[in-house]
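In: Next come a sequence and a model predicted from it.
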Amino acid sequence: DTAVSQTPKYLVTQMGNDKSIKCEQNLGHDTMYWYKQDSKKFLKIMFSYNNKELIINETVPNRFSPKSPDKAHLNLHINSLELGDSAVYFCASKDPLSGNTIYFGEGSWLTVV
Amino acid sequence: GQNIDQPTEMTATEGAIVQINCTYQTSGFNGLFWYQQHAGEAPTFLSYNVLDGLEEKGRFSSFLSRSKGYSYLLLKELQMKDSASYLCAVRPHSGNTPLVFGKGTRLSVIA
């Protein structure tokens, strides 16, 4: 069973569209994150959630709106997609019992054309 | 700001030993992590250091010196499957602070 799972894995869409990426973790962790990895492979934090509450928003444009219906889910909705949004988006959750190690989902490859 | 530096690329021979260095300057320190990322896949956790010294885990070891803001990942008996990017990451503060990642070192293992 995949511990952190996200869908879809691949997404190709046109500029201006709205899309969502879903993430679920079955590890019982309280804290979840969204990271963005650009074409240069630089992995950068976007949002942190703890027990469904937003705790960190790293100056991400407000076209990006995370939603956490419960602590096992953290979805990412993106409005009015732009070419520069093309990247890999990784969901992750934090295990407080192993040195606060972060475990990543498989990634969602978003291409905006 | 947070700054984490590591070499962009390295090449090593199958069966050899390679050391990937990482230096960091962060607003605080609450642990250093190494992740492996194969092309087209998610990063996977390799090791964690919070105290100075060497942590050994099979063919992989990670070293930390907090006073020098320095870590390295040592890979022994290199195999072709070790060709991947290796990401150094620091947690600047305790609690729910996210990891700050370096840009990764792409390691190529050649025959």
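Out: That came through fine.
In: tally of neighbours for residue B:96?
Out: Taking other C-beta atoms under 10 Å in any protein chain shown as the criterion, the count of residues near residue B:96 is 20. Quick note: C-beta positions are derived from backbone N, CA and C, even for glycine.
In: didn't it look like it was pressed against residue A:50?
Out: Yes - with contact defined as C-beta atoms under 8 Å, residue B:96 reaches residue A:50; the gap is 4.9 Å.
In: shared neighbours, those two?
Out: Both residue B:96 and residue A:50 are contacted by residue A:31, under the criterion C-beta atoms under 8 Å, 6 or more residues apart in numbering or on different chains.
In: what about the spatially closest residue to residue A:30 that is not a sequence neighbour, neighbour count?
Out: Nearest-residue entry for residue A:30: residue A:51, 5.2 Å, with adjacent residues in sequence omitted and distances by C-beta to C-beta, 6 or more residues apart in numbering or on different chains. Residues near residue A:51, counting by other C-beta under 10 Å, number 12.
In: again with residue B:9
Out: Using other C-beta under 10 Å: residue B:9 sits among 10 other residues.
In: Quick one: residues contacting it.
Out: By C-beta under 8 Å, 6+ apart, the contact set of residue B:9 is B:105, B:106, B:107, B:108.
In: please redo it, this time with the cut-off set to 7 Å
Out: The neighbours of residue B:9, taking C-beta atoms under 7 Å, 6 or more residues apart in numbering or on different chains as the test, are B:105, B:106.
In: And it, how close does it get to residue A:75?
Out: 36 Å (C-beta to C-beta, to the nearest Å).
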